[in-house]
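J.: The following comprises the amino acid sequence and a computationally predicted model.
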Amino acid sequence: MPLVYIDHEKIRGKKALTIEYSGFEKGFIESILDKENINYRKEGGVIIVENVTKKQIKKILTKYGVDTKNILVSGEILNFGFLLESISFRRNIKRVCPRCGSINVRKVSFLSGWFTPLQFICEDCGYVGVAFLEVEE
């Protein structure tokens, strides 16, 4: 699921507006900021924006087609529908490792698919990736 996270962080002692995202094409958010002539810089996987509020960034992203349910803004109450959609209720689905065929597969971390790209690891052969087969029991 695509996700954009907007927050304020202290960077080199100054409060800065930061944007992190996953599940979109690389450079997607930056292209929107470019179209809107918003000054930003990248440090690692974080986009640091100047002279814009969280509310303005959210409005700009939705203008370019980013669904509001995919935008998390620190300080806002989470949308209950977003939480429900992000939880899988399919209890009879198993993931199968594409390398060894094991069903001993788990998420890489509890943040996987939430604040980081969804990745899994096979406990048997150590394969890490996003491409795992899903089968019904």
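T.: It's in.
J.: Just say helix, strand or coil for the residue lying closest to residue 57 once chain neighbours are set aside.
T.: Once flanking residues are discounted, residue 57 sits nearest to residue 6: 5.6 Å by Cβ to Cβ, 6 or more residues apart in numbering. Quick note: C-beta positions are derived from backbone N, CA and C, even for glycine. At residue 6 the chain is in strand, as set by DSSP: H, G, I helix; E, B strand; the rest coil.
J.: Could you measure from residue 6 over to residue 126?
T.: From residue 6 across to residue 126, the span is 35 Å (Cβ to Cβ, to the nearest Å).
J.: give me the number of residues near the residue nearest to residue 57?
T.: 24 (other Cβ atoms under 10 Å).
J.: Residue ranges of each domain in this protein, please.
T.: 3-86, 93-132 (automatic domain parsing).
J.: Would you mind measuring from residue 101 to residue 64?
T.: As judged by Cβ to Cβ, residue 101 and residue 64 stand 42 Å apart.
J.: Redo the domains of the chain as TSV? Include mean pLDDT.
T.: As requested, the domains of the chain are exported to TSV (pLDDT from 0 to 100):
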stretch	mean pLDDT
domain 3-86	85
domain 93-132	82
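J.: Next secondary structure after the longest helix along the chain?
T.: Assignment by DSSP state H gives helix 54-63 as the longest helix of the chain. Of the helices and strands lying after helix 54-63 in sequence (DSSP states H and E), the nearest is strand 71-73.
J.: Pairing partners for that following strand, with directions?
T.: strand 3-11 (parallel) (DSSP bridges).
J.: Please list the residues outside the helix or strand just after the partner strand that contact it.
T.: Toward the C-terminal end, the helix or strand that comes next after strand 3-11 (DSSP H and E) is strand 14-22. By Cβ atoms under 8 Å, 6 or more residues apart in numbering, the surrounding residues in contact with strand 14-22 are 2-11, 28-29, 40, 45-50, 52-54, 57, 115-117.
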